[in-house]
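> take a look and give me a structure for this.
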Amino acid sequence: MCRWLAYTGEPLRPAALILDAQHSVVAMAQNSPLGAETVNGDGFGFGWYPVADADAAGPRHPSVFRSIEPAWNDQNLREISRAVVSPLFFAHVRAAAGPPIQQTNCHPFRHDNWLFMHNGAISQFGLIKRELALAVDPSLYSLMQGTTDTEVLFHLALTLGLADDPIGAVGAAVRRVEEAGHAAGVQFPMQGTLAVSDGETLWAFRYSSQGRSRSLFHSADVPTIRAMYPDADRLSLFGDHAQVVVSEPLNDLPGVFLEVPESTVAVLDPEGYHHEAFLDA
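Okay, here's the model as predicted:
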């Protein structure tokens with residue numbers, strides 16, 4: 001359906017991962033060996049948080065650039081990703097699976113200081129779209145601009161308490177999808193990997209009703225990678241706290257990217273990486 005990448009750590013020019021990695025996000029858009037579709041050319045999105053301002057109060061708010069152009073064909077993506085410096089950013093390339101190709105259907109989606117993106121689908125979404133959309137808080141309903149299952153899922157999670165308990169709210173939203181799907185006769189309603197961030201912490205979920213989710217990997221810690229590959233000059237780009245979660249490994253070096261288990265949420269914050277069980281399939 002799609003491919004995505006999320007980075008957190010020391011401020012970095014996003015082009016290092018979006019454009020310049022061996023198997024960058026743009027490269028994945030053209031050739032995705034582990035994806036449900038080989039080519040993801042139905043638009044893209046790039047969302048980033050600014051470097052923290054010591055004098056600014058409150059949460060950081062992200063900027064978003066989205067386009068219906070294929071990621072490999074958009075000069076603005078190259079310009080922006082080389083000009084911006086960010087400590088936390090999302091990148092997503094889309095393969096449309098029903099909803100039309102339009103800018104408002106490209107990920108990531110944003111609300112206040114939150115970013116959200118998804119690889120996968122709500123199976124037979126049309127059967128339960130009305131029920132799920134009407135479960136969204138009225139104050140949020142009018143903010144949905146596109147037609148995707150992902151945008152509805154995001155606003156459902158916001159309704160169910162994302163700001164207070166991200167893991168619990170995403171879990172409740174997924175369960176609501178499954179309940180509605182099963183009532184409509186859909187055997188496996190939920191499929192995919194999800195990423196959400198408030199600008200400080202990144203949560204990445206791998207879950208499907210069938211227990212056969214889309215691929216998801218996280219990077220090993222940078223000091224460990226440096227010890228494994230002391231001659232890899234490219235590692236000088238990354239600080240000791242740099243962490244990546246991605247649909248497919250960004251290079252072929254053994255041990256650099258580790259698979260996130262099924263039914264798991266990966267949590268990346270200033271303390272590092274850890275994961276915990278997420279719903280029972």
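> point out where the stretch 1-150 of the chain drops to low pLDDT.
Across the stretch 1-150 of the chain, the ranges flagged by pLDDT under 70 are 1-2, 31-41, 54-58, 95-98.
> quick one: the helices in the chain, in order.
For the chain, the helices defined by DSSP state H occupy 15-18, 25-30, 75-83, 125-134, 138-141, 149-159, 166-183, 222-228.
> turn those helices into JSON lines, columns for mean neighbour count and distance to residue 9.
For glycine as for every other residue, the C-beta is placed from the backbone atoms N, C-alpha and C. What follows is the helices of the chain, written out as JSON lines (neighbours: other CB atoms under 10 Å; distance: least, CB to CB, whole Å):
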{"stretch": "helix 15-18", "mean neighbour count": "22", "distance to residue 9": "11"}
{"stretch": "helix 25-30", "mean neighbour count": "24", "distance to residue 9": "17"}
{"stretch": "helix 75-83", "mean neighbour count": "15", "distance to residue 9": "16"}
{"stretch": "helix 125-134", "mean neighbour count": "16", "distance to residue 9": "34"}
{"stretch": "helix 138-141", "mean neighbour count": "11", "distance to residue 9": "31"}
{"stretch": "helix 149-159", "mean neighbour count": "24", "distance to residue 9": "24"}
{"stretch": "helix 166-183", "mean neighbour count": "19", "distance to residue 9": "19"}
{"stretch": "helix 222-228", "mean neighbour count": "14", "distance to residue 9": "8"}
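> what's the closest of these to residue 207?
Proximity to residue 207 (CB to CB) singles out helix 166-183 among the helices of the chain, at 6.4 Å.
> coming back round to it: as JSON lines, the helices of the chain with distance to residue 117 would be great.
Shown next, in JSON lines, are the helices of the chain (distance: least, CB to CB, whole Å):
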{"stretch": "helix 15-18", "distance to residue 117": "14"}
{"stretch": "helix 25-30", "distance to residue 117": "12"}
{"stretch": "helix 75-83", "distance to residue 117": "16"}
{"stretch": "helix 125-134", "distance to residue 117": "17"}
{"stretch": "helix 138-141", "distance to residue 117": "18"}
{"stretch": "helix 149-159", "distance to residue 117": "7"}
{"stretch": "helix 166-183", "distance to residue 117": "12"}
{"stretch": "helix 222-228", "distance to residue 117": "24"}
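> out of those, nearest to residue 99?
For the helices of the chain, the distance to residue 99 is smallest for helix 149-159, at 7.6 Å, taking CB to CB.
> re the thing from before, so for residue 115, which of the helices of the chain sits nearest?
Nearest of these (CB to CB): helix 149-159, 9.4 Å.
> gap between that closest one and the chain center?
Distance of helix 149-159 from the chain centroid (CA atoms, centre = their mean, to the nearest Å) equals 14 Å.
> same check on stretch 215-226?
Distance, stretch centre to chain centre, for stretch 215-226: 17 Å (CA atoms, centre = their mean).
> in contact with the residue nearest to residue 124 when sequence neighbours are not counted, which residues?
Leaving out its chain neighbours, the residue that sits closest to residue 124 by CB to CB, 6 or more residues apart in numbering is residue 186, at 5.0 Å. Counting by CB atoms under 8 Å, 6 or more residues apart in numbering, residue 186 makes contact with 123-124, 127-128.
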